[in-house]
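In: Sequence and predicted model, in that order:
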Amino acid sequence: MNKHGMNKRVATITLNPAYDLVGLTGDIKTGQVNRIQTAGLYPAGKGINVAKILKTLGIDVTVGGFLGKENQSSFQKTFAELGITDRFQIVEGRTRINVKLTEQNGLVTDFNFSGFNISKEDWQSFAKNSLTWLREFNMVCVSGSLPAGVEPDDFTDWMQQLRDACMCVVFDSSREAFTAGIKAQPWMVKPNRHELEIWAGRPLLTQEDIISAAQQLRAEGISHVIVSLGEEGAILVNSAGAWHARPPHCEIVSTVGAGDAMVGGLIYGLMMGQPCEHTLRLATAISAMTVSQSNVGNIDRQQLACLMTKVELISLKKQSKSKQQ
């Protein structure tokens with residue numbers, strides 16, 4: 001898997017990180033004062049959440065991307081406390097704050113604010129530097145949205161160069177960033193159903209629909225496609241087959257970061273050379289564990305082992321009729 005023996009190293013890139021202000025509420029009433037119970041304010045962003053999960057699982061991890069100069073300190077403090085190597089590039093402005101409110105029924109509403117603006121110079125400097133240091137890694141995970149100022153075409157170009165420098169690029173994003181990143185044929189992608197529907201341009205109502213859209217992505221040159229389906233779990237499609245993993249029922253505290261936790265589990269399993277079924281089971285269990293807490297990255301090994309046995313795993317190879325035109 002890697003050229004340098006057993007030193008398993010992963011880097012995660014978050015171009016548009018955020019402080020997550022996570023709160024719990026009854027029902028949100030628009031145009032009124034809503035009293036919110038604060039669950040926490042966390043330095044986050046998708047790639048950083050993935051890094052927290054990997055670090056907890058004992059993987060050596062480095063983080064990079066952009067951070068705003070005006071409110072960088074909590075991020076740096078978190079990286080130092082967790083023992084995560086920090087290669088973030090500091091830019092003018094503030095890292096955005098995302099407000100994530102969970103209602104009693106478990107529904108999460110996100111208010112994603114805007115943050116810093118990336119100049120052409122910032123981007124060129126990031127693209128050049130990152131491609132130099134990312135060469136040393138076995139796997140690179142690129143997650144989340146593009147900050148203001150970054151052109152989708154420039155992002156595609158950088159992703160293609162990254163793909164040449166490091167075979168295993170894991171990609172998790174949405175909207176225009178997803179479309180731009182897919183063009184670079186990353187090794188693994190993890191859309192949720194909604195993101196996959198937008199990409200496919202049609203509703204995906206059945207399991208067959210989801211698998212056929214995942215096969216379309218594989219036809220674009222992507223080895224592993226994982227579609228996250230919330231409490232229904234996830235579907236993994238690759239050259240070895242298709243599987244559906246269903247998590248056990250969990251008390252939901254907050255679904256914030258559940259998808260990132262799943263990506264962390266997938267990377268861990270694949271790095272450790274585990275079979276696909278085991279990796280999917282692990283990733284689903286880690287994701288289930290994450291929804292039962294307000295912060296991402298607290299993993300109890302015994303609880304995880306127990307959850308893994310409760311994940312229901314079905315091979316879809318037999319059931320899915322090949323519908324490829």
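Out: Looks like it came in fine.
In: I'd assumed V99 was in contact with D110.
Out: Yes - counting by Cβ atoms under 8 Å, D110 touches V99, with 7.3 Å between them. Where C-beta positions appear, they are placed from N, C-alpha and C, glycine not excepted.
In: out of these two, which sits in the more crowded spot?
Out: Between D110 and V99, counted using other Cβ atoms under 10 Å, the more crowded position is V99 (17 against 10).
In: element containing the more buried one, please.
Out: strand 96-103 (DSSP states H and E).
In: Adjacent strands (with direction) for that strand?
Out: With DSSP bridges as the test, strand 96-103 is paired with strand 18-25 (parallel), strand 108-112 (antiparallel).
In: what's the spacing between that strand and its chain's center?
Out: 17 Å (Cα atoms, centre = their mean, to the nearest Å).
In: ok, residues contacting it?
Out: With contact meaning Cβ atoms under 8 Å, 6 or more residues apart in numbering, strand 96-103 is reached by 16, 18-28, 36, 39, 44, 68, 108-116, 252-256.
In: Please check those residues and keep the buried ones.
Out: Buried members of the contacts of strand 96-103, scored by 16 or more other Cβ atoms under 10 Å, are 16, 18-23, 36, 39, 44, 68, 115-116, 252-256.
In: quick one: the helices in the stretch 151-300 of the chain?
Out: 152-165, 175-182, 193-200, 207-219, 258-271, 276-291 (DSSP state H, counting those that start in this stretch).
In: can you redo these as CSV with mean pLDDT?
Out: Shown next, in CSV, are the helices of the stretch 151-300 of the chain (pLDDT from 0 to 100):
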stretch, mean pLDDT
helix 152-165, 96
helix 175-182, 94
helix 193-200, 94
helix 207-219, 95
helix 258-271, 92
helix 276-291, 89
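In: so where's this structure uncertain?
Out: Scanning the chain for pLDDT under 70 picks out 1-8, 252-254, 293-297, 317-325.
In: in it, which spans are strands?
Out: Assigned by DSSP state E, the strands in the chain fall at 9-14, 18-25, 37-44, 60-68, 85-91, 96-103, 108-112, 139-143, 168-172, 188-189, 224-228, 234-238, 241-246, 312-315.
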